[in-house]
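Asks: here is my input; please provide its structure:
(one chain, ligands or ions: 1)
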Amino acid sequence: MSATIIDGKQVSASIREELARRTAELKARHGLIPGIGVVLVGEDPASQSYVKSKERTAEELGFYSKTHRVPVETSEAEVLRLVEEFNRDPKIHGILVQLPLPPHINENAVIYAIDPKKDVDGFHPVNIGRLHMGEECFVPCTPNGVIELLDRTGVELKGKNAVVVGRSNIVGKPVSMLLLSRHATVTICHSRTRDLAAECRRADVLVAAVGKARLITAEMIKPGAVVIDVGVNRVDGKLVGDVDFEGAAKVASAITPVPGGVGPMTIAMLMKNTLLAAERTL
Ligand code: GUN
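Replies: Residues are numbered from 1 along each chain as shown. A predicted model of the protein is given here:
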């Protein structure tokens, strides 16, 4: 058996087309231009490259975008001041502070400072709480992208065993909650899980989000399972996922590649949240 490759590049391109259309409509009907404000502290290469793609995508969709690039030694007070400035700016509908922040800045203090109505990352406790309550909220971008990929691939989640490997606030926990809201039976695995292979083998849908290169091997996958690989690991200068793609593709029915799977979906979902934030001001 050879798995269907879930093409995140193609799916994200068609989502961006839809978003560009809705953005043009919002402009024509209401004179409203979605605006995104980004804060980037320091010069981490991965963060710089994410922020650049965010700016490029925002421009491509016709958004207004403003980025504060500040040096790594910037104080927490100054970062909080920049967030406040975006909170008050009516041209900005979505705020994103690129993580990770340098160790002298309290990440949670910065996240708490973002106006929940502009929290397009969905990291503020108000949005996390609303997600858990099943209320309307900003859904974190990568988990939202995972669900969107599953939906657009036609994967039914109701009653299925979904296993999530990883329990981060950014991916593992929120994606588990979203799978639960789709009526999957969800298991969350992590570094202390006793028999990871056995847990994974029960998965109809397996989401790997631990950040350990090729941790998930073919023997850990139930034949016919759908495998979503959120991992982005650099090995010998090459990007690889948390799943051993070559082996897994022989066992799974569908699988996301790295790169070109979940990655391109994240920015598309960020733009979708920013458009929603703008629409919600009407
Ligand atoms: N760093 C890695 N992923 C993300 C993300 O989704 N949002 C932000 N703000 N920082 C990140």
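Asks: list the buried ones in stretch 75-92?
Replies: Glu76, Glu78, Val79, Leu80, Leu82, Val83, Phe86, Ile92 (16 or more other C-beta atoms under 10 Å). C-beta here means a position set from N, CA and C on the backbone, and glycine is covered the same way.
Asks: those residues in helices, which ones?
Replies: Glu76, Glu78, Val79, Leu80, Leu82, Val83, Phe86 (DSSP state H).
Asks: redo those residues as TSV? Include distance to Ile5.
Replies: Listed next are those as TSV, based on distance: C-beta to C-beta, whole Å:
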residue	distance to Ile5
Glu76	43
Glu78	45
Val79	40
Leu80	43
Leu82	41
Val83	39
Phe86	38
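Asks: near the ligand, which residues of the protein?
Replies: Neighbours of the ligand within the chain, by C-beta under 6 Å from any ligand atom: Leu96, Val97, Gln98, Leu99, Asp121, Cys141, Thr142, Ile170, Thr266.
Asks: of those residues, closest to the ligand?
Replies: Minimum distance to the ligand across the residues of the chain next to the ligand is 3.7 Å, recorded for Leu99 (C-beta to the nearest ligand atom).
Asks: what's the closest non-adjacent residue to Phe130?
Replies: One correction, residue 130 is Arg, not Phe. Cys137 (3.6 Å; C-beta to C-beta, 6 or more residues apart in numbering).
Asks: isn't that neighbour up against Pro125?
Replies: No - Cys137 lies out of contact with Pro125 (C-beta atoms under 8 Å); the separation is 11.0 Å.
Asks: more crowded one of those two?
Replies: Between Cys137 and Pro125, counting by other C-beta atoms under 10 Å, Cys137 is the more crowded of the two (19 against 12).
Asks: and the more buried one, which of the three is it?
Replies: The assignment at Cys137 comes out as coil when based on DSSP: H, G, I helix; E, B strand; the rest coil.
Asks: can you confirm Val163 is in a strand?
Replies: Yes - counting by three-state DSSP, Val163 is found in a strand.
Asks: check contacts around it.
Replies: Counting by C-beta atoms under 8 Å, 6 or more residues apart in numbering, Val163 makes contact with Val186, Thr187, Cys189, Glu199, Cys200, Arg202, Ala203, Val205, Leu206, Val207.
Asks: now, the residues you listed that are in strands?
Replies: Counting by DSSP state E, the part of those found in strands is Val186, Thr187, Cys189, Val205, Leu206, Val207.
Asks: would JSON lines of those residues with pLDDT be doable?
Replies: JSON lines is the format used below for the ones in strands among the contacts of Val163 (pLDDT from 0 to 100):
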{"residue": "Val186", "pLDDT": "98"}
{"residue": "Thr187", "pLDDT": "98"}
{"residue": "Cys189", "pLDDT": "98"}
{"residue": "Val205", "pLDDT": "98"}
{"residue": "Leu206", "pLDDT": "98"}
{"residue": "Val207", "pLDDT": "99"}
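Asks: can you pick the most crowded of those residues?
Replies: Counting neighbours by other C-beta under 10 Å, the top entry in these is Val207, with 31 neighbours.
Asks: that one and Leu157 touch, don't they?
Replies: No - shown here, Val207 and Leu157 do not form a contact pair, counting by C-beta under 8 Å, at 11.2 Å.
Asks: give me the common contacts of those two.
Replies: Residues touching both Val207 and Leu157 by C-beta under 8 Å, 6+ apart: Leu179.
Asks: where's stretch 170-185 relative to the chain centroid, distance-wise?
Replies: Here stretch 170-185 is found 13 Å from its chain centre; the criterion is C-alpha atoms, centre = their mean, to the nearest Å.
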